[in-house]
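Visitor: When you get a sec, could you give me coordinates for this:
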Amino acid sequence: VKIKNAEKLAALCLAAVMGVSVTACSGGNMYATSNESATIADNDVITIGSVTTNSGAAAAYGEAEVNGFKLAVKEINADGGIFGKQIKLESMDDKGDVIEASNAFNRLAGDKNVIAVLGPTISSTSGAVAPLADQNQMPTIAPAATADSVETGGYLFRTCFKDSYQGEIAAKYAAETLKVKKVAVLYGTGDPYSSGVGKAFVAAAKKNGLDVVAEENSSSADDTEYSSQLQKIEASGAEFLYAPYYYSTVGPYIVPQARAVGYEGYIMGPDGYDGLKTTGNKANYNKVLYTTHYSPDDKSNTKVQQFITSYKKANNGESPNTFTALGYDSVYMFKRAIEQAGENATRADIRNAIAGMSFSGVTGAFTLDKHGSPKKSVIVLEMSDGEPTYKDTIQPAE
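Guide: Numbering: from 1, shown residues only. The predicted model follows:
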């Protein structure tokens with residue numbers, strides 16, 4: 001899922017991390033193989049680490065993930081744990097920074113009692129951690145790292161679908177459900193999430209027979225002024241605008257500015273819209289849609305309502321969001337893998353149990369492909385009176 005400055009220049013970030021990965025951990029103490037780590041049988045508790053963004057621009061996402069982790073751990077422990085052992089969660093904040101994420105991951109990997117890691121939260125930090133997961137043979141599940149550039153299938157897996165998949169689904173939805181003909185796209189070239197989804201949408205739109213009448217961009221995904229690009233899009237006659245940005249940009253800037261220049265068509269985006277805040281006239285947000293991993297109004301999945309009830313009970317009536325659901329499912333994926341791997345499981349055994357896993361959770365049913373990514377159904381939400389409401393469930397693109 002699943003940001004502003006943290007996601008910029010992923011390729012440069014990865015290069016920087018590869019340069020510091022050996023020394024990033026205080027003391028440089030990393031494990032080369034899982035054979036040097038503890039097994040499940042070696043300890044009275046099962047320690048799972050987490051590296052999430054709990055401060056900075058993406059804090060809302062990381063905090064929601066941690067809430068999902070905690071709920072799942074609480075439920076599992078209350079039900080007797082795994083092999084009769086309680087799960088202990090070791091949480092670390094990477095602040096949305098690739099160096100911080102590398103340091104945090106290496107510290108967890110350097111603790112032989114940590115058997116697996118949840119996170120990181122965003123794509124740039126997950127991309128930085130991917131090679132470290134392989135080096136340390138540390139099974140790692142990123143709940144919301146959607147960027148295609150994140151290398152998965154070794155020791156890093158993901159619960160979410162990939163960016164390109166969201167772009168493909170949006171194009172399919174525009175053509176088959178909304179039945180528009182002329183579409184436009186606006187994305188941030190300096191942000192791998194925004195540009196990756198945007199380019200995937202353009203390619204898929206053309207395959208679906210849509211006329212891409214305007215392709216505009218900004219230098220980053222956190223600008224505040226988009227009027228000139230939106231004027232061109234309005235002049236192009238587009239009926240549908242795909243704008244893959246973040247909630248903090250779409251809500252206060254892109255939507256109001258699009259309506260201000262006279263654009264009245266659909267505006268759609270990916271899961272970064274989750275948490276979108278409205279400003280001014282709520283009617284401006286009508287015909288705004290986005291793809292995501294979960295909806296509280298999804299009645300087809302019985303796990304959803306059970307999850308919501310459990311979360312509200314544990315959090316004073318507060319409602320969970322998409323990132324909470326992804327985090328929750330990620331813990332249960334580890335539970336399944338650990339149980340399958342056995343009481344004497346090593347990190348490598350757990351990794352092997354995750355590979356190719358078929359799983360059914362709050363965010364849907366899926367089987368991990370050879371790259372460690374799920375191909376799964378996608379929820380479409382539509383803004384109504386300033387609030388996201390369930391619109392559709394789109395089955396996997398063929």
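
Visitor: ok, which stretches of the stretch 1-150 of the chain are strands?
Guide: Ranges of strands in the stretch 1-150 of the chain, per DSSP state E, counting those that start in this stretch, are 45-52, 86-93, 114-118, 140-142.

Visitor: distance between the third one and the chain's centre?
Guide: Which is strand 114-118. Averaging C-alpha positions (CA atoms, centre = their mean, to the nearest Å) puts strand 114-118 18 Å from its chain's average.

Visitor: just checking, what packs against that strand?
Guide: Packing partners of strand 114-118 (3 or more CB pairs under 8 Å, 6 or more residues apart in numbering; DSSP states H and E): strand 45-52, helix 98-109, strand 140-142, helix 322-341, helix 347-354. Just so you know, the C-beta spots here come from the backbone N, C-alpha and C atoms, and that holds for glycine as well.

Visitor: mind running it again at 7 Å?
Guide: strand 45-52, helix 98-109, helix 322-341, helix 347-354 (3 or more CB pairs under 7 Å, 6 or more residues apart in numbering; DSSP states H and E).

Visitor: circling back: most neighbours per residue, which of the strands of the stretch 1-150 of the chain?
Guide: Of all the strands of the stretch 1-150 of the chain, strand 140-142 has the most neighbours on average by mean count of other CB atoms under 10 Å, namely a mean of 32.

Visitor: Now stretch 259-269: buried residues?
Guide: For stretch 259-269, a neighbour-count test (16 or more other CB atoms under 10 Å) marks 259, 261, 263, 265, 266, 267, 268, 269 as buried.

Visitor: ok, so what distance separates the fifth one from residue 259?
Guide: Going from residue 266 to residue 259 by CB to CB, to the nearest Å gives 12 Å.

Visitor: Of the buried residues of stretch 259-269, which belong to strands?
Guide: Counting by DSSP state E, the part of the buried residues of stretch 259-269 found in strands is 266, 267, 268, 269.

Visitor: Adding distance to residue 335 and pLDDT as columns, could you present the residues you listed in JSON lines?
Guide: Formatted as JSON lines, those follow (distance: CB to CB, whole Å; pLDDT from 0 to 100):
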{"residue": "266", "distance to residue 335": "40", "pLDDT": "98"}
{"residue": "267", "distance to residue 335": "39", "pLDDT": "98"}
{"residue": "268", "distance to residue 335": "35", "pLDDT": "98"}
{"residue": "269", "distance to residue 335": "32", "pLDDT": "97"}
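
Visitor: Now the two most distant members of the residues you listed.
Guide: Of all pairs drawn from these, the one with the longest distance (CB to CB) is 266 and 269, at 10.6 Å.

Visitor: can you pull the buried residues of stretch 381-391?
Guide: For stretch 381-391, by 16+ other CB under 10 Å, it's 381, 382, 383, 386, 388, 391.

Visitor: Same question for stretch 58-75.
Guide: For stretch 58-75, the neighbour count (16+ other CB under 10 Å) marks 58-73, 75 as buried.

Visitor: Now intersect those residues with the helices, please.
Guide: Counting by DSSP state H, the members of the buried residues of stretch 58-75 that fall within helices are 59-73, 75.

Visitor: follow-up on the earlier one: CSV please, covering the helices and strands packed on strand 114-118 and showing mean pLDDT and distance to residue 187.
Guide: Formatted as CSV, the helices and strands packed on strand 114-118 follow (pLDDT from 0 to 100; distance: least, CB to CB, whole Å):
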stretch, mean pLDDT, distance to residue 187
strand 45-52, 98, 26
helix 98-109, 98, 22
helix 322-341, 97, 21
helix 347-354, 98, 32
